[in-house]
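A.B. asks: Prediction below, plus the sequence it came from.
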Amino acid sequence: MSVEKLEPRLRAHIDEERRRASLRGIEPLAADQTPIEVTISHPDVVHAPEGVARQDRLEALAELARRIRAIQRPILRRLRRLTGREPVLIHSLVNAVTARLTPRQLETLAETDEVGLIRLEKLEEVTCMNESVHVIELPQAWDELDANGDGVAVALLDTGADKTHPALAGKIVDEVSTSTEPITVPGNHATHTAGTIVSNDPIYRGVAHAADLINIKVLTAAGFGTPTSVILGLTEALLRGAQVANLSLGWSELLGWVCNDADCILCQAADNAVGLGLNLVIAAGNESSAGAQPPFAVRHPGAARSVIAVGAVDKAKMLAPFSSIGPGSGRLSPGSGHRVTKPDVCAPGVDVVSAVLGGSFASMSGTSMATPHVAGVAALLLQKQPDLTPTAVKKILEESCQPLPYGPNQTGFGLVSAYGSVLRVTDIS
Amino acid sequence: MVERSQVGWVETLAVNRGRGFMGHPKLEPRLERELEVVEAAGQSERMIPVLIEHATPATVGRGQNRRASLEAAERRSRELQQGIVARLRELNGQGIQQLGLANAISVSLVPSQIRSIADHADVKIVRLARPEQVTA
């Protein structure tokens, strides 16, 4: 077997394509007919001569290309036989060829001695904010229902958002740090999640772009924090009048956090904050693994009963492979062996493009990125009906979800629909 | 007396510990490992940040003024925490910080003091409170 000659990312891509085909009821073999662009490295590395004078560079490059072409003759012949096509690119600076092959052809090719490694060559698929908003049916909510979060205060408990970012200009109305760093030290993570909620950039527009942001720095710029800094951050959110709070963070049982029944201090503080009227939207975590026994993969305080725990899907509405699978640690009843279903809902969290430090935009993945989509939709609901209780907001979000082909402990009620949920609280007469 | 909920905690700790009921039932397993490492290195006077959870959970009144409810929860937690805080003062715990939204106390103690406070009847669990990377 030479399967190890397929780069792990490429192997994962092939497996995922087959899985998707199977989920859609397509014969898995059909997935094997779709060509994938790859770069095939020859096992022999070809080095350019050293110390070539500038005026001799072109000639040295041509010589290098000739040497590479001579070595590549067998694989080029094989590729033409296999695919019936010319390769996309025959490299001249490295001993490699870029070509389009089906998974079956790749696996055949990987068996040969002419191949060192085959890498996936596709452009990274990114879910720009201007794409993920469509996934959650947001443009209709903006345009038809005039929902934009106006007048709603959203607290962001994170690494500290960069208020100098043009997309966040004028959005941060209040700020405080409970972390070991001052509020003046922003983090990439918070800037990204803030952008997803309130960015006023014309392309990468935030879900609730007219909402106000309360910037509560509970983690260092590198993402480090303590349960105390988060609990103090929740208290600050309550005291500063936040209606929604986004927590793209959590402590994992898989890394040693202990919680018996969604009753640890983080869950306790979260449930209390919800009891005081704060809508808490919290990342489920990126630990993926599931099990009926502890340790559970859904992080804390996302496992708290009353909060909205968010899992991640990609823009094709497929479950992200990293998204933490439930159940949560909370028992259905005292002493019960059955646990509460988590996550509650899902949103786009794969390669989401939003604001980052330095005034630009970049792609990030994680349930951290899915969570602010849902926090934004909660803000839209509260714009329409400010008196909705957190229980009502959670129920509306859940009942309006777009169904997904997964179990409740994988994607909860499904994919959040901004239009569907806002429509429920909008008087359209 | 061990209540049912406490039995649950002991079970959970045992599962997380992965080695039965050997350790202190009220020390988070990773804190216990930390104590073992510190003591094995002869650093028994090293201060370790911990978070002490009270056995009684904090509860807040619903439907009231938010600030008033928070203040009331804080008052209740402080009353409940009196015994633990007095013991922490005796132990000369550093940086005592009482939380109200969750019934817990943040403090730094040396390993022997951590074991001692874990024996207090009002303590549910003592956790390691070193900063961790928790972004998701």
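C.D. replies: That came through fine.
A.B. asks: going forward, measure contacts and count neighbours with C-alpha atoms only.
C.D. replies: OK.
A.B. asks: could you say which helix or strand contains the closest residue to A:Gly256 other than its chain neighbours?
C.D. replies: Spatially, and ignoring its direct neighbours in sequence, A:Gly256 is nearest to B:Arg30 (6.0 Å; Cα to Cα, 6 or more residues apart in numbering or on different chains). Here B:Arg30, judged by DSSP states H and E, is contained in helix B:29-40.
A.B. asks: returning to that earlier point: can you verify my assumption that the residue nearest to A:Gly256 contacts A:Glu253?
C.D. replies: No: contact criterion Cα atoms under 8 Å: B:Arg30 and A:Glu253 do not qualify, at 10.9 Å.
A.B. asks: circling back to that earlier point, only the buried residues of the helix or strand following the helix holding B:Arg30, if you could.
C.D. replies: Downstream of helix B:29-40, the next assigned helix or strand under DSSP H and E is strand B:48-54. Buried residues in strand B:48-54, defined by neighbour count with 16 or more other Cα atoms under 10 Å in any protein chain shown: B:48-54.
A.B. asks: How many neighbouring residues does the nearest residue to A:Ile136 once chain neighbours are set aside have?
C.D. replies: Of all residues not flanking A:Ile136 in the chain, A:Ser417 sits nearest, at 4.7 Å (Cα to Cα, 6+ apart). Per other Cα atoms under 10 Å in any protein chain shown, the neighbour tally for A:Ser417 reads 27.
A.B. asks: before we move on, what about the one 10 residues further on?
C.D. replies: A:Asp427: 9 surrounding residues under other Cα under 10 Å.
A.B. asks: Next one: it relative to A:Asp158, how far apart?
C.D. replies: Going from A:Asp427 to A:Asp158 by Cα to Cα, to the nearest Å gives 35 Å.
A.B. asks: if you go through the stretch 201-350 of chain A in chain order, where are the strands?
C.D. replies: For the stretch 201-350 of chain A, the strands defined by DSSP state E, counting those that start in this stretch cover A:212-217, A:224-225, A:244-247, A:279-283, A:308-313, A:345-348.
A.B. asks: need the helices for chain B, in chain order.
C.D. replies: Using DSSP state H, the helices found in chain B span residues B:4-17, B:29-40, B:66-90, B:111-118.
A.B. asks: Which helix or strand in chain A has the lowest average pLDDT?
C.D. replies: Ranking every helix and strand in chain A by mean pLDDT, DSSP states H and E puts strand A:127-128 at the bottom, with a mean of 46.
A.B. asks: Grab the most central residue of chain B for me.
C.D. replies: For chain B, the residue lying nearest the average C-alpha position, counting by Cα atoms, centre = their mean, turns out to be B:Ile52 (1.6 Å).
A.B. asks: what's the closest non-adjacent residue to A:Leu117?
C.D. replies: A:Lys5 is the one closest to A:Leu117 (Cα to Cα, 6+ apart), at 4.7 Å.
A.B. asks: And A:Arg424, by the same measure?
C.D. replies: Among residues not flanking A:Arg424 along the chain, A:Ile396 sits closest, at 7.5 Å (Cα to Cα, 6+ apart).
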